[in-house]
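Undergrad: My questions are about this predicted structure, shown below with the sequence.
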Amino acid sequence: MTKEKISIVIPALNEDKNIAHVINGVKRVLGSKKYEIIVVDGHSSDNTAAISRNAGATVIYDNIGKGSALIKGLGYSRGDIVVAMDADLSNEPKELNLLIKGIEIGYDVCMGSRFMAGGSSEDISLIRKFGNRFFVWLVNAIFGSNYSDMCYGYRSFSRKAIEKLGLKETGFGIETEINIKAMKNRLKVLEVPSTEKQRAAGDPKLRTFNDGYAILRTIIKNLV
Ligand SMILES: Nc1nc2c(ncn2[C@@H]2O[C@H](COP(=O)(O)OP(=O)(O)OP(=O)(O)O)[C@@H](O)[C@H]2O)c(=O)[nH]1
Ligand SMILES: [Mg+2]
């Protein structure tokens, strides 16, 4: 059994139909391990915060975007191993074990990948798949990395990695920033296969073109 404390950080905006299922799934998988669950609520207009608290999570708030919510959650967390996951039931709690194991065996960042052997997505449109593939290619070409996926939020970090990454992106460019800065800081990165399920309920927050542009801006900002 893991001795380290594990933090699960979940950015959530208007996810009151999903969040309790996510939290209960995490609790089921982590069982008797030492852990905390932090929901970073983007000032939802629904009952996300209250439902999260009732399900046993600590709730903190952020009113900027997905990236800033994640940064705030990572900063607030106290675990030796920290896992970021979505609140819409796209990420399967049973995969937590693999993400945690990746850090335990010595990696700094462990990234779920939908596009390596064994991974898949039930939730990605053709245009987003193409965009993701293009951005992965671009980042790999510029930074000399070998990623198979990028715009996917199911990832784990060692405490040291969080400090080294010094994340700044407030929106959906955050995953891209992590990929680039992990490379620049020579962090040890492991990709593990992940199955992305369809968002269970509620509306998507990502806007394909605006956020595609945010990803491109993130790449440009981190060129030097
Ligand atoms: N706190 C906070 N969380 C956010 C914000 N935008 C998105 N999220 C959460 O970030 C996670 C990823 O957002 P999604 O809307 O699922 O993005 P996506 O998975 O690319 O899009 P879908 O295919 O629709 O699921 C979810 O848990 C959202 O609730 C925000 O502005 N603030
Ligand atoms: Mg989603």
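TA: Everything's here; your move. Ligands and ions are numbered 1, 2, ... in the order given.

Undergrad: Kindly report the residues of the protein close to ligand 1.
TA: 11-13, 15, 40-42, 62, 65-66, 69, 86-88, 90, 123, 153, 199, 204-206 (Cβ under 6 Å from any ligand atom). (Each C-beta comes from the backbone N, C-alpha and C, glycine too.)

Undergrad: Just the buried ones from those residues?
TA: Buried members of the residues of the chain next to ligand 1, scored by 16 or more other Cβ atoms under 10 Å, are 11-13, 15, 40-42, 62, 65-66, 69, 86-88, 90, 123, 153, 199, 205.

Undergrad: The residues you listed in helices, which ones?
TA: Filtering these for membership in helices, criterion DSSP state H, returns 66, 69.

Undergrad: What's the biggest helix in this structure, counting residues?
TA: Longest helix in the chain, counting by DSSP H: helix 126-143.

Undergrad: Tell me the buried residues in it?
TA: Neighbour counts over helix 126-143 (16+ other Cβ under 10 Å) mark 128, 131, 132, 135, 136, 139, 140, 143 as buried.

Undergrad: Name the residues that touch whichever helix or strand comes after that helix?
TA: Sequence-wise, the next helix or strand downstream of helix 126-143 (DSSP states H and E) is strand 155-158. Here strand 155-158 makes contact (Cβ atoms under 8 Å, 6 or more residues apart in numbering) with 74, 80-84, 99-100, 102-103, 107-112, 165, 175, 178.

Undergrad: what's in contact with the helix or strand following strand 155-158?
TA: Next helix or strand after strand 155-158 toward the C-terminus (DSSP H and E): helix 159-165. If you take Cβ under 8 Å, 6+ apart as the criterion, helix 159-165 is touched by 74-75, 79-82, 108-109, 157, 177-178, 181-182, 185, 187.

Undergrad: repeat that for 10 Å
TA: Contacts with helix 159-165, where a contact means Cβ atoms under 10 Å, 6 or more residues apart in numbering, come from 4-5, 7, 9, 71, 74-75, 77-82, 103, 107-110, 155, 157-158, 177-178, 180-182, 184-189.
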